Each structure stands twice: as C-alpha cells, then as structure tokens.
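[1] Here is my input, please return the structure:
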Amino acid sequence: MATRMGRFLALLVGGLLLVGCGESVASESGSGAASQEVSLHVSGGIAGVQHGIEVGPGGSVLIIDRTGSHAGRDLSGAEREKLGSLLDAVDFAGLPARSVDGGSRDRFEYRLVHDGHTVITDRSTDLGPADDLIDHLERCREARRLPVGQGTPTSS
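    Down below sits the predicted model:
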C-alpha cells in the first residue's frame with residue numbers, strides 16, 4: 001500500500017512539474033502556435049472507418065483517410081482562432097484518458113491528442129468543451145477531404 005501511495009505521489013509531482021513547464025513555454029512563445037498542435041483520429045463502426053486530422057504549427061493540416069495521409073489547406077484565420085479558444089477551454093489534465101462504453105458495439109472511437117495528453121472517447125459521455133473541439137476538428141477535416149477518385153482537397 002505504501003508503495004502504491006509513493007508511486008501515486010511521484011506521478012502527481014511529475015505531472016505538476018510537466019504542467020508548470022508547459023505553461024511557461026506557451027507563455028514565453030507569445031504566439032501560442034505550438035499550443036495549437038492537436039490531432040484527432042477516428043476509427044471503428046461497422047464499415048471500419050479510419051480517418052483523422054492533424055493540425056501543426058501555424059495551422060498546417062495533415063488529413064488521414066483510407067488512401068493514406070496528405071497535406072490539406074492550412075486552417076483559415078477564423079478556424080485557427082476558434083481552435084485556440086476551444087483548446088484553452090478544454091482541461092485535458094482533468095479529463096479521463098479513456099471514456100468508452102465497454103458494452104457498446106460498432107462504435108466510433110475518437111483519439112484526441114494535445115500537449116502530451118491523449119483522450120479516447122466514443123462520445124457516449126459528455127466531455128464538455130472536448131466534444132466541441134472534436135466537432136470543430138471534424139468540420140475542418142470534412143472541409144478538406146478528398147472527393148472519391150480525385151487528388152486535390154475539396155474547397156469550401
């Protein structure tokens with residue numbers, strides 16, 4: 001029992017140190033561009049869906065689909081602004097790492113990754129601002145997806 005408590009305290013202290021370091025780096029950069037790096041990967045369902053979006057520094061976009069991954073149009077200013085406010089609203093450290101209904105079948109799993117935190121959800125539980133972030137990333141991905149049989153992203 002003492003060993004488990006010791007490990008828990010070590011993890012807690014380590015986590016607090018990492019959070020403190022992350023905040024100082026973000027505040028020193030001023031632009032917040034690095035803090036907007038985020039990815040969303042969706043998989044599952046009867047048809048075996050696999051798609052995703054990765055947003056990099058400055059709003060660069062990588063789209064993942066059945067054909068592989070390809071660069072998408074960078075996020076617009078409005079999309080970047082909304083992404084920043086949604087990322088600020090999500091308390092990643094306070095979210096469960098996994099929020100999936102084990103009894104459900106043929107579900108989609110959403111893997112959201114940001115700043116060293118990974119959250120996996122099937123969206124059966126309300127995760128507040130994290131759900132809004134997933135919705136925004138899905139809209140950004142959809143606006144950049146490739147039409148079947150074509151080699152360039154759709155325009156919107």
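
[2] contacts and neighbour counts: CA atoms only from here.
    Fine.

[3] which residues of this protein fall in helices?
    For the chain, the helices defined by DSSP state H cover 2-29, 77-89, 129-142.

[4] hey, what's the spatially most central residue of the chain bridged with?
    Nearest to the mean C-alpha position of the chain, counting by CA atoms, centre = their mean, stands Leu112 at 3.1 Å. Per DSSP bridges, the residues bridged to Leu112 are Leu40, Val119.

[5] Repeat that for Gln50.
    Ser43.

[6] what's the burial count for it?
    Neighbours of Gln50 under the rule other CA atoms under 10 Å: 17.

[7] Pull up the gap between it and Leu86, please.
    24 Å (CA to CA, to the nearest Å).

[8] does Gly84 really touch Glu37, like I thought?
    No: taking CA atoms under 8 Å as the definition, Gly84 is not a contact partner of Glu37, at 9.6 Å.

[9] The two: which is more packed in?
    Applying other CA under 10 Å to Gly84 and Glu37 shows that Glu37 carries more neighbours, namely 21 against 17.

[10] Not counting its neighbours along the chain, what's nearest the more buried one?
    Nearest residue to Glu37, sequence neighbours excluded (CA to CA, 6 or more residues apart in numbering): Gly56, at 4.7 Å.

[11] Spit out the contact partners of the residue nearest to Ala89 when sequence neighbours are not counted.
    Using CA to CA, 6+ apart and skipping residues adjacent in sequence, the residue nearest Ala89 is Pro129, 6.1 Å away. The neighbours of Pro129, taking CA atoms under 8 Å, 6 or more residues apart in numbering as the test, are Leu86, Ala89, Val90.

[12] filter those to the buried ones?
    Buried members of these, counted by 16 or more other CA atoms under 10 Å: Leu86, Val90.

[13] what's the weakest-modelled helix or strand in the protein?
    Among the helices and strands of the chain, helix 2-29 carries the lowest confidence by mean pLDDT, DSSP states H and E, at a mean of 41.

[14] Could you report the neighbour count for the spatially closest residue to Ala97 that is not a sequence neighbour?
    Distance criterion CA to CA, 6+ apart; nearest residue to Ala97, sequence neighbours excluded, is Val119 at 4.6 Å. Look at Val119: counted by other CA under 10 Å, it has 18 neighbours.
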